[in-house]
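Peer 1: sequence and predicted structure below; questions after.
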Amino acid sequence: TSFGFATVAQGEKQALVDDVFHKVASRYDLMNDLMSGGMHRLWKDAMVSTLAPPRSAVRPWIVLDVAGGTGDIATRIVERSGGTAKAVVLDINGSMLAVGRDRAAKAGHADAIRFTQGNAETLPFPDRSFDAYTIAFGIRNVPDIPRALREAHRVLKRGGRFLCLEFSEVDVPMLDRVYDAFSFNAIPAIGQAVTGDGEPYRYLVESIRKFPNQARFAEMIREAGFERVTWRNYSGGIAALHSGWKL
Ligand code: SAM
């Protein structure tokens, strides 16, 4: 392809991703709204509805939200559970976590949400620790995706659920072209305007292109040991939610 970042090596990939999110942390949510036209909120709400965290405190229920950034998913889960659920937000990037920690404290969720720095490829938790594992717009950034999926499987309890929200393959004629034009032109332009540097956003758009489509990604999830793997498209496949169970 024509992008300099396209041939970047595995090790450098993480460094590039880290750089993007350090720079954008304080304006991350604004960027999300601008780049998705606010749609990321609807997709995230739909993800959390699918998860349906329990509303009663019969026993402790805990979710691990990987690549959880500023705590968007964890906050929704805790609020939707009526304060019953607990969440651990894991992210490799301290700047994103700092924004999330501040926000959780202000929203009164300091006890319900814990923020931990770590890598999706080597989760710092014992086997069978969590009732659910969520990852939203994060797995695409991880250099070794099969390894991250195996880790997800390892830390889930039996009966635990895996949910992954990610950009995917648009399956609506015409929308695919509009979307391509938007992502290749508008996204780097918005990045340039808000952060002063459009190049990292070219890299992010490129990473969406390279990410496996719905069916192939479902296969990767199965290969990591998950069962009953399904997916659902949002907005014509701009995003997709994959689900799997550790049985
Ligand atoms: N889940 C949040 C959301 O939907 O708003 C944040 C998504 S943001 C697009 C991607 C996040 O993945 C960033 O916060 C980044 O630091 C994190 N990330 C990238 N590589 C990672 C890795 N190897 N392990 C854990 N987190 C990682």
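Peer 2: Good, I have the coordinates.

Peer 1: just to check, Q10 is in contact with R147?
Peer 2: No: using CB atoms under 8 Å, Q10 and R147 do not qualify as a contacting pair, with a distance of 11.1 Å. C-beta coordinates here come from the backbone N, C-alpha and C atoms, glycine included.

Peer 1: between those two, which one's more packed in?
Peer 2: R147 (15 against 8; other CB atoms under 10 Å).

Peer 1: just to check, that one is in contact with L123?
Peer 2: No: between R147 and L123 there is no contact under CB under 8 Å: 10.3 Å.

Peer 1: helices or strands up against the lengthiest strand in the chain?
Peer 2: Ordering each strand of the chain by length in residues (DSSP state E) puts strand 156-167 first. Of the remaining helices and strands, those touching strand 156-167 by 3 or more CB pairs under 8 Å, 6 or more residues apart in numbering; DSSP states H and E are helix 39-51, strand 130-136, helix 214-223, strand 239-246.

Peer 1: taking strand 156-167 as reference, get the angle to the third one.
Peer 2: By that I understand helix 214-223. Between the axis of helix 214-223 and that of strand 156-167 there is an angle of 160 degrees, by axes from the mean of the first three to the mean of the last three CA atoms, to 10 degrees.

Peer 1: helix 214-223: which residues count as buried?
Peer 2: Of the residues in helix 214-223, those buried by neighbour count under the rule 16 or more other CB atoms under 10 Å are Q214, F217, A218, M220, I221.

Peer 1: any chance of the residues you listed in TSV with pLDDT as columns?
Peer 2: Compiled in TSV, the buried residues of helix 214-223 are given as follows (pLDDT from 0 to 100):
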residue	pLDDT
Q214	98
F217	98
A218	98
M220	98
I221	98
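
Peer 1: the helix or strand bottoming out on mean pLDDT in the chain near the ligand anywhere?
Peer 2: Counting by mean pLDDT, DSSP states H and E, the weakest-scoring helix or strand in the chain turns out to be helix 10-24, with a mean of 81. Yes: among the residues of helix 10-24, V17, F21 lie within reach of the ligand under CB under 6 Å from any ligand atom.

Peer 1: could you dump that helix to PDB, C-alpha only?
Peer 2: Extracted in PDB, the C-alpha atoms of helix 10-24 (Å, rounded to 0.1, in the frame of the first residue of the first chain):
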ATOM      1  CA  GLN A  10       5.400  -6.400  15.200                       C
ATOM      2  CA  GLY A  11       7.600  -4.800  17.900                       C
ATOM      3  CA  GLU A  12       7.300  -1.400  16.500                       C
ATOM      4  CA  LYS A  13       3.600  -1.700  16.100                       C
ATOM      5  CA  GLN A  14       3.000  -1.600  19.800                       C
ATOM      6  CA  ALA A  15       5.300   1.500  20.200                       C
ATOM      7  CA  LEU A  16       3.300   3.300  17.500                       C
ATOM      8  CA  VAL A  17       0.000   2.400  19.100                       C
ATOM      9  CA  ASP A  18       1.300   3.500  22.500                       C
ATOM     10  CA  ASP A  19       2.400   6.800  21.000                       C
ATOM     11  CA  VAL A  20      -1.000   7.500  19.500                       C
ATOM     12  CA  PHE A  21      -2.900   6.900  22.800                       C
ATOM     13  CA  HIS A  22      -0.400   8.900  24.900                       C
ATOM     14  CA  LYS A  23      -0.900  11.900  22.700                       C
ATOM     15  CA  VAL A  24      -4.700  11.600  22.500                       C
END
